[in-house]
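Q: Would you be able to build a 3D model of this:
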Amino acid sequence: MTRGKTTAPAKSGTNDKTTSTRGWVAFVGAGPGDPGLLTVRAVELLREAEVVVTEAPEHEQMVRTLLGLPAPADTDPEADGQPAVQPVGEPPAGPEFVDGGFGDDGQPLTHANRSKVVVRHGKRSRVVRLMTGDPFLYSSGPEEAQACVKAGIGFEIVPGVSSVSAVPAYAGIPLTTKTNREIAVVTCGGPVDWSQYADERTLVLLSGVGCIGETAAALVTAGRSPQTPVAVTRVGTTTEQTTLVSTLEQVAADVRAARVAPPAIIVVGDVVDLRQTLSWFETKPLFGWRVLVPRTKEQAGTVSTRLRGYGAVPEEVPTISVEPPRNPLQMDKAVRGLVEGRYEWIAFTSVNAVKAVREKFEEYGLDARAFSGLKIAAVGDKTAEAIAGWGLRADLMPSGEQSAAGLLADWPEYDDLLDPINRVFLPRADIATETLVAGLIDLGWECDDVTAYRTVRATPPPAPTRDAIKTGKFDAVVFTSSSTVRNLVGIAGKPHPSTIIAVIGPATAKTAEEHGLRVDVLAPRPDVHELVDALADFGSARRLAMLDAGQPVTRPSERKPSGRRKVSSK
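A: Predicted coordinates:
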């Protein structure tokens, strides 16, 4: 990132005459945990930041994911040194990360020392001070902002979503209703006059887990009914969220029995009863499921995003690395032939094939205009989208199954009267089958079958990941091709029998079974989105079955049955 001289925006909290034009601090609310709750302004400032001063251990990874930055020591050969969401080229350097929670000695920083860290960096850099929740609500934002004023550093406040409102909302508990419009937020742990909270208004208790027994007793003594509903939600807005529902009379015993630990938000009042019908987050089909996604980093993005939408925690484990062909001369010759008008068609059978041809074009200084007069075929929607990203449109796509066989079913026969050229350029992987080539020849076409890229087995994942795969710590695995099955088993071993196996199609299912895996979920169509949707349907049916049986809802990794019933999602 270029660190040229910048001028702080006019909406500063300081006097312009004393404000440094070099440094700048934005106090940004990060919300209670879900990165999706960051505001648009927060994202803008993080993209411009030179230094990010974090508050919680998870903040750095959240920012790296948001900005598409590699992990600090990301040496995965598949990534070629690039983050998954970046185009071809050098990865962005990203901001410098500074731990605002702990000092060099490993001890928690005091408010004063944290302010010194912010001021030191704010004097020379554009700083984002990332703060949990909202910077000006139950936070050290005011003290740190005052330190910036004293040092003559410009600053900006970007409000964040507070846990006071967000955590109950994620628990399905509205703090106000049409008939109950008042709430009170109380910080526990110190002296509190509970007699002033004897009415029926909703209470939100902070830092109250350790003293919930005394608090509940005091509220009952003050006049609250012992049967008043209470909800205790810990690590709210994250996929680790859990909510315990009780009453003032029972909550102390229930918290002890469940071993509820901070951080937690406690809600007291009749609004807690609405959770029975409004709980939406913890009831997602795959809530809290740890799902293994054995794809390349570039391919895993859409799968992981869709899994997160169903409440899962995806973990991407690359099983293959995409590399250039060993002999690039064949590809060079084909690209020259394309420019010279040697081909009637070019057939793309994967996103990687589109990428390989595009990179070769860029190497020669060519662009999409070289495709003028050429017909383009794409094997499926994702490949067509990659072509569209190049400014091109596919002339032919399968009307049925999105596969080489489906493409062949719609491919026209060669007609020497209608087709001036009878040759097809087919850039593909080195391990691709001969189905398409043989079918094109049968239709009368000549085919230049060119290796555009090689797929090689990736390096094994770290030992903890391999152990998690073998011991059943993953709840599910989604296999998107036969090669992902073979490669995952080859580099990491077979998933544990308790792990739910979801596959994209019959061929992948057959490969999984050949490797001793029992398939639980089969996508109705060979599409990654439908694969994830099918897994979500399975999770939803499983959850409902447990509820109907009066059993607690558990994840597959929390139970280790000796066998599994085979279920295909239709």
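Q: what residues are up against residue 71?
A: Counting by Cβ atoms under 8 Å, 6 or more residues apart in numbering, residue 71 makes contact with 61, 64. Bear in mind the C-beta positions are built from the backbone N, C-alpha and C, glycine included.
Q: host element of it?
A: Assigning secondary structure by DSSP states H and E places residue 71 outside every helix and strand.
Q: same for the helix with the most length in the chain, what does it pack against?
A: As far as residue count goes, and with DSSP state H defining each element, the longest helix of the chain is helix 528-548. Under the contact criterion of 3 or more Cβ pairs under 8 Å, 6 or more residues apart in numbering; DSSP states H and E, the helices and strands touching helix 528-548 comprise helix 297-309, strand 476-479, strand 500-503, strand 521-522.
Q: what's residue 247 sitting at in phi/psi?
A: Phi and psi for residue 247, reported as degrees, to the nearest 10, are phi -130, psi 170.
Q: For burial, what's the neighbour tally of it?
A: 17 (other Cβ atoms under 10 Å).
Q: Quick check: closest non-adjacent residue to it.
A: If the residues on either side of it in the chain are set aside, residue 247 comes closest to residue 227, at 5.1 Å by Cβ to Cβ, 6 or more residues apart in numbering.
Q: ok, residue 53 - contacts?
A: Contacts here follow Cβ under 8 Å, 6+ apart; on that basis residue 53 touches 98-100, 117-118, 121, 127-130.
Q: do that again at 7 Å, thanks
A: 98, 100, 117-118, 121, 127, 129-130 (Cβ atoms under 7 Å, 6 or more residues apart in numbering).
Q: distance between the helix or strand where it lies and the chain's centre?
A: According to DSSP H and E, residue 53 maps onto strand 51-54. With Cα atoms, centre = their mean, to the nearest Å as the basis, strand 51-54 stands 21 Å off its chain's centre.
Q: Return the set of buried residues in the helix or strand where residue 508 lies.
A: With the criterion set as DSSP H and E, the secondary-structure element containing residue 508 is helix 506-514. By 16 or more other Cβ atoms under 10 Å, the buried positions in helix 506-514 come out as 508-509, 511-512.
Q: same question, stretch 485-495
A: Under the neighbour-count criterion of 16+ other Cβ under 10 Å, stretch 485-495 has 485-489, 491-492, 495 buried.
Q: go on, stretch 114-124?
A: Of the residues in stretch 114-124, those buried under the neighbour-count criterion (16+ other Cβ under 10 Å) are 114-115, 117-123.
Q: Not counting its neighbours along the chain, what's nearest residue 262?
A: Counting by Cβ to Cβ, 6+ apart, residue 209 is the residue found nearest to residue 262 once chain neighbours are left out, at 5.0 Å.
Q: if I read this right, that neighbour contacts residue 263, doesn't it?
A: No: applying Cβ atoms under 7 Å, one finds residue 209 not in contact with residue 263, separated by 8.3 Å.
Q: Quick check: neighbours shared by those two?
A: Contact criterion Cβ under 7 Å, 6+ apart; no residue bridges residue 209 and residue 263 by contacting each.
Q: neighbour count winner among the two?
A: Legend: neighbour count by other Cβ under 10 Å for residue 209 and residue 263, higher for residue 209 (20 against 16).
Q: Contact partners for that one?
A: Taking Cβ under 7 Å, 6+ apart, we find residue 209 in contact with 232, 255, 260-262, 264.
Q: Are we agreed that it is in a helix?
A: No: residue state for residue 209 (DSSP: H, G, I helix; E, B strand; the rest coil) corresponds to coil; a helix is not indicated.
Q: Need phi/psi at it.
A: The phi/psi pair for residue 209 (degrees, to the nearest 10) is phi -60, psi -40.
Q: what does residue 231 give?
A: With angles defined as degrees, to the nearest 10, residue 231 shows backbone torsions of phi -120, psi 130.
Q: Next, find the distance separating it from residue 244.
A: The spacing between residue 231 and residue 244, counted by Cβ to Cβ, to the nearest Å, is 7 Å.
Q: Looking at those two, which one has more neighbours?
A: Of the pair residue 231 and residue 244, residue 231 is the one with more neighbours under other Cβ under 10 Å, namely 24 against 17.
Q: Now do stretch 440-447: everything it contacts.
A: Where contact means Cβ under 7 Å, 6+ apart, the residues beyond stretch 440-447 that reach it are 411, 413-414, 422-424, 426, 437.
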